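Chemist: Coordinates for the following, if possible.
(one chain, ligands or ions: 2)
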Amino acid sequence: MFAKIWDAHVTATTAAGADLVAIDRVFLHERTGASALKSMAASGRPVIDPARVFAVMDHIVDTRPGRGDQTLMQGGQGFITETRAAALAAGITLFDVTDADQGITHVVSPELGIVLPGCTLVAPDSHTCTQGALGALAWGIGSSEAEHAMATGVLRLMRPKTMRVTFTGTLPKGVTAKDMALTLLARHGAGGGAGHAVEFAGPAVEALDIEARMTLCNMATEFAAMAGFVAPDAKTYAYLAGRRYAPAAFDAPYWADLKTDDGAVFDAEIVIDASEIRPMVTWGTSPEHAVPVGAAVPQGPQRAHDYIGLEPGATMAGTPIDVAFIGSCTNARLSDLRRAADILRGRHIAPSIKTALVVPGSMAVKRAAEGEGLDKVFEAAGFEWRMSGCSLCFFAGGESFPAGSRTISSTNRNFEGRQGPGIRTHIASPEVVAASAVMGAITDPRDLMAEAAQ
Ligand SMILES: CC(C)[C@H](C(=O)O)[C@@H](O)C(=O)O
Ligand code: SF4
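Modeler: Ligands and ions are numbered 1, 2, ... in the order given. Model (predicted):
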């Protein structure tokens, strides 16, 4: 599948062996987008095809109700106003702060049908690989590469190696795509995919809905892969049907032929039995520091133990937490909110939880969730219900907590300081976040699911 998409996009090969790869879509956000557009404008280079370039405000925007351009991040407003001015001047499509389509780049692009099977899509953002869930080759680039892509319509690239990660079997109940990604990282390391374009395949991947495939592909970057993707199938077509930028008639022969052929050879293969996967949580400061919720903290780098304040042998389950966050391009789509709400319905967060936030991945997700009354479930449980944005996924200098606070978070990164100076982040599925918020300590959601069923 990788070769089919890549080869269809190579326009030339340089003497040094690099390929010039046609880029179908470029997506910008206000954290990195203005600099690329401004630099192009300064050098007098126009965007070659503005219809293929989109921008959204997501990283720095305030998520408190009634927001405007003001930000909690000192000086953040400048990123917003400069991106707006540069986007308007360049003639690209902008989903602005108060636009009904505002949201996180990798949530908005699929839900508007901007990313399509077989297309190449780049964005100056490392989680662009999320969009590979639609059968696209989507990857994160730097700001100067974004300029190059916008000015020329191509990027000069060395062909990556290929890897297939096959999930066999069936996921147990209460176990999700997030746990698949964390299991892959725990077993094969945060560098395991370096230099590779990774195809996720096998019955347990086919069984995932499109939103869950996005969660899995999202974390390909935590695996150091260039890209992560899933072959398009009937679910992909059904997901895209009727979306604003998707074609009215699908290009069936090209899309149907994108699947990896039987007998295809990969540079590397990994196989994981999905039935062995358990609800996971990270204990340390790398996404590879992941263990089943019921397991003990293993021996890791001393610095990680010191930062996170957990010694080897401590059990993850029962570790008290201060903050619960459901959000991000990893796990803030409608299906994620539904599953978290199922656990929270009729329950309340523990009194020891200082903050619990739900930040929908897009304003469209927010509206859809409100249409189902999920906002009421979250609010009744003691969660704040926000406008869309990256929010606490990434410390944009605004909202945070006292150093040493422990958060359970549906995001993708747990690096030192990721959610603010001294904050200890434990990443997990929305189910684990919801269950842990109720218990005030890290909890296997299946404990609460069983209780609800009785
Ligand atoms: C700020 C942005 C460029 C960054 C990224 O590239 O991924 C952010 O989205 C992240 O998740 O760390
Ligand atoms: S939600 Fe988090 S991971 Fe996703 S783009 Fe925003 S900051 Fe990056």
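
Chemist: Quick check: mean pLDDT of the strand ranked longest in the chain?
Modeler: Using DSSP state E to define each element, the chain has its longest strand at strand 161-168. The predicted model assigns strand 161-168 a mean pLDDT of 98.

Chemist: same check, this time on stretch 405-423
Modeler: For stretch 405-423, mean pLDDT rounds to 97.

Chemist: Where does this protein get nearest to ligand 1, residue-wise?
Modeler: Closest contact between the chain and ligand 1, by C-beta to the nearest ligand atom, is at residue 126 (3.4 Å). C-beta here means a position set from N, CA and C on the backbone, and glycine is covered the same way.

Chemist: Skipping its backbone neighbours, what lies nearest that residue in space?
Modeler: Counting by C-beta to C-beta, 6 or more residues apart in numbering, residue 126 lies nearest to residue 140, which is 4.1 Å off, once chain neighbours are set aside.

Chemist: residues in contact with that neighbour?
Modeler: Neighbouring residues of residue 140 by C-beta atoms under 8 Å, 6 or more residues apart in numbering: 122, 123, 124, 125, 126, 127, 128, 129, 221.

Chemist: try it again with 7 Å
Modeler: Taking C-beta atoms under 7 Å, 6 or more residues apart in numbering, we find residue 140 in contact with 123, 125, 126, 127, 128, 129, 221.

Chemist: Go through those residues and name the one nearest residue 3.
Modeler: residue 129 (17.7 Å; C-beta to C-beta).

Chemist: Enumerate the residues of the chain near ligand 1.
Modeler: Residues of the chain found near ligand 1 (C-beta under 6 Å from any ligand atom) are 31, 32, 59, 125, 126, 127, 140, 394.

Chemist: Try it again at 5 Å.
Modeler: Taking C-beta under 5 Å from any ligand atom as the criterion, the chain approaches ligand 1 at residues 31, 32, 125, 126.

Chemist: Do you know the pLDDT at the third one?
Modeler: Same thing as residue 125. On the pLDDT scale, residue 125 gets 98.

Chemist: Just give the closest residue to it, not the sequence neighbours.
Modeler: Here the residue nearest residue 125, using C-beta to C-beta, 6+ apart, is residue 140, at 5.3 Å.

Chemist: tell me the pLDDT at that neighbour?
Modeler: pLDDT, the model's per-residue confidence, is 98 for residue 140.

Chemist: now residue 314
Modeler: The pLDDT attached to residue 314 in the predicted structure is 96.

Chemist: what about it, how many neighbours?
Modeler: A count of nearby residues for residue 314, using other C-beta atoms under 10 Å, gives 14.

Chemist: list the contacts for the spatially closest residue to it that is not a sequence neighbour?
Modeler: What sits nearest to residue 314 in space, not counting adjacent residues and going by C-beta to C-beta, 6+ apart, is residue 297, at 4.7 Å. If a contact means C-beta under 7 Å, 6+ apart, then residue 297 has 283, 310, 311, 312, 313, 314, 316 as its contacts.

Chemist: Select only the buried ones of the residues you listed in ChimeraX?
Modeler: ChimeraX command restricting these to the buried ones, with burial defined by 16 or more other C-beta atoms under 10 Å:
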select :283,310,316
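
Chemist: With secondary structure added, can I get the contacts of residue 297 in JSON lines?
Modeler: Shown next, in JSON lines, are these (DSSP: H, G, I helix; E, B strand; the rest coil):
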{"residue": "283", "secondary structure": "coil"}
{"residue": "310", "secondary structure": "coil"}
{"residue": "311", "secondary structure": "coil"}
{"residue": "312", "secondary structure": "coil"}
{"residue": "313", "secondary structure": "coil"}
{"residue": "314", "secondary structure": "coil"}
{"residue": "316", "secondary structure": "coil"}
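
Chemist: and residue 145, helix, strand or coil?
Modeler: Of the three states, residue 145 takes helix according to three-state DSSP.

Chemist: Tell me the bridge partners for the residue nearest to it when sequence neighbours are not counted.
Modeler: For residue 145, the nearest residue in space outside its immediate sequence neighbours is residue 155; the separation is 5.9 Å by C-beta to C-beta, 6+ apart. Beta-bridge pairing of residue 155 under DSSP bridges involves residue 21.

Chemist: Ligand 2 contacts on the stretch 351-454 of the chain?
Modeler: Proximity of the stretch 351-454 of the chain to ligand 2 is confined to 390, 393, 394 under the rule C-beta under 5 Å from any ligand atom.
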